[in-house]
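Peer 1: Below is the sequence, then the predicted model.
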Amino acid sequence: MEKILSFLNFLKVDFNFSPGVLLAGLFFVFILLYGLSLGRTRAVFSFLGIYIAYAVQSVFPYWDWLHETVKFSPQPYFTKVSFFLAVYFAVFLILNKSLAKNRLTIAEASFFAVTVISLLQLGLLLIIVLGMLPLDIIARFVPAALAVYFITPPAVFFWFTVPIPALLLVKRGKEIAR
């Protein structure tokens, strides 16, 4: 045991996590388990739902009207996040009930592939939601050490582009296995 502790001390591993880091870790595990429980085909539908909802949210021209009509929150960013999540769930349900379900299946995908898809899905959702929030709100909930991986322009580019080739690799892996 002493050898393990001395090795960890050599690596400068700090086990004094702040509450924000612990909360982020708990959220990460929850989303990962949720993604794995969705199943392989639904994970792909969820990915498509995120991209479609982001596209709809990006071009939606009636934010002021929606915020005044719904009066869900005094903060306009909360209206945007709620709208995005509502469109995401609606698209997910439509895709799940559609005829595309049989076409987009990745039923033979490995546990590793589904795990990668779930992690990429989590990152994509985080960057979209964090992108709608003001910086002071982000600073309260996301530790600075993690924020650099989710709100900087290179990080946003990474989280938007990497899922596309990852899905292609999952599909290609299925075809190779045949």
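Peer 2: Arrived safely, thanks for sending.

Peer 1: Could you tell me which residues within whichever strand or helix holds S118 count as buried?
Peer 2: Using DSSP states H and E, S118 falls within helix 111-132. Neighbour-count burial for helix 111-132, with 16 or more other CB atoms under 10 Å as criterion, is recorded at 113-114, 116-132. No exception for glycine: its C-beta is placed from N, CA and C like everyone else's.

Peer 1: can you tell me how far W65 sits from T79?
Peer 2: Using CB to CB, to the nearest Å, we find W65 at a distance of 10 Å from T79.

Peer 1: higher neighbour count, the two?
Peer 2: The residue with more neighbours, out of W65 and T79, is T79; 21 against 9, by other CB atoms under 10 Å.

Peer 1: dump the residue contacts of that one.
Peer 2: Applying CB atoms under 8 Å, 6 or more residues apart in numbering, we find T79 in contact with W63, L66, H67, V70, F72, S73.

Peer 1: ok, it to V29 distance?
Peer 2: Distance, T79 to V29, using CB to CB: 29 Å.

Peer 1: quick one: low-confidence parts of this structure?
Peer 2: Across the chain, the ranges flagged by pLDDT under 70 are 1-24, 27-28, 31-32, 34-40, 99-111, 169-178.
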